[in-house]
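[1] no FASTA, just this:
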């Protein structure tokens, strides 16, 4: 079984602090890596889709990096705000078609 | 319009009931998906429709029956479910059926089977 693992499972961060978390995936048969933000009672929302080793993407205070050779991606949030509280899911795409999701990192920002 | 709309938001059904979940998108996406998520587990793919044809059935029991009446609509018909089928059911769509296409999700149907 090829799993996607995210760490930590949950995280509490003081407002204004920066934080990061990890998505680990098998390095074989890589096609794409997705990050989604999922706020409670809302729909998961795509943050980034990355396909190339060394890719770096940025959206406001949130950025992500990708290392396909060693099978990991980092998501960074700079200057955390209460609205950043959410579950962050990553998903590994293989063979062009199938996505396998991780269990997510639940982030809580403490005002 | 970048929304995927799912109805109902909540559903409670008995094991002998028949019910349907509905999903709609008007973004012109050609791929639509059903995912199942149980608490503290990752979303698991159930079905993929590409250009209105069933392309993936991830060994889902026949008590779940998907239907894609047209390019904007996706249904999931439920019959004789078991309590272990209680979960959040998420619909998603993407421009094409490729794993480098970002998914647009609905907010899900929380299903309880009694």
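    Now that the structure is in, tell me what you want to look at. Treat the numbers as computed from the prediction; the structure is a model and nothing was measured. Numbering: from 1, shown residues only, chains lettered A, B, ... in the order given.
[2] Run a quick neighbour tally on the closest residue to residue B:80 other than its chain neighbours.
    Excluding the flanking residues, the one nearest residue B:80 by Cβ to Cβ, 6 or more residues apart in numbering or on different chains is residue B:63, at 5.0 Å. Quick note: C-beta positions are derived from backbone N, CA and C, even for glycine. Around residue B:63 there are 14 other residues, counting by other Cβ atoms under 10 Å in any protein chain shown.
[3] Residue B:63 and residue B:112, how far apart?
    Distance, residue B:63 to residue B:112, using Cβ to Cβ, to the nearest Å: 16 Å.
[4] repeat for residue B:62
    Residue B:62 sits 21 Å away from residue B:112, going by Cβ to Cβ.
[5] So for these two, which residue has more residues nearby?
    For residue B:62 versus residue B:112, the count of surrounding residues by other Cβ under 10 Å is larger for residue B:112: 13 against 8.
[6] what pairs with the more buried one across the strands?
    residue B:12 (DSSP bridges).
[7] rewinding a little: who touches the residue nearest to residue B:80 in this structure?
    B:78, B:79, B:80, B:81, B:82, B:85 (Cβ atoms under 8 Å, 6 or more residues apart in numbering or on different chains).
[8] and the residue nearest to the last one when sequence neighbours are not counted, what is it in contact with?
    Leaving aside its sequence neighbours, residue B:85 sits nearest to residue B:113 (Cβ to Cβ, 6+ apart; 5.2 Å). With Cβ under 8 Å, 6+ apart as the criterion, the residues that contact residue B:113 are B:13, B:14, B:15, B:81, B:82, B:83, B:84, B:85, B:86.
[9] and if you look at residue A:13?
    Taking Cβ under 8 Å, 6+ apart as the test, what residue A:13 contacts is A:19, A:77, A:80, A:107, A:108, A:109, A:110.
[10] Confirm it sits in a helix?
    No - Residue A:13: not assigned to a helix; according to DSSP: H, G, I helix; E, B strand; the rest coil it is strand.
[11] And it, how close does it get to residue A:111?
    For residue A:13, the distance to residue A:111 (Cβ to Cβ) stands at 11 Å.
[12] what residues are up against residue A:30?
    The contact partners of residue A:30, by Cβ under 8 Å, 6+ apart, come to A:68, A:71, A:92, A:93, A:94.
[13] got any ranges where the chain has weak pLDDT?
    Just so you know, I chose chain A. For chain A, the stretches with pLDDT under 70 are A:1-2, A:96.
[14] that answer is for a different chain, and I need it for chain B
    In chain B (pLDDT under 70), the answer is B:1.
[15] again, only this time at 80
    Chain B contains residues with pLDDT under 80 at B:1-2.
[16] Identify the residue of it closest to chain A, quick one.
    Chain A sits closest to residue B:99 of chain B, with a gap of 2.7 Å, by Cβ to the nearest Cβ.
[17] Let me see the contact set for the residue most central in space within chain B.
    The residue lying closest to the centre of chain B (Cα atoms, centre = their mean) is residue B:34, at 2.9 Å. Applying Cβ under 8 Å, 6+ apart to residue B:34 gives the contacts B:23, B:45, B:46, B:47, B:66, B:74, B:76, B:89, B:90, B:91.
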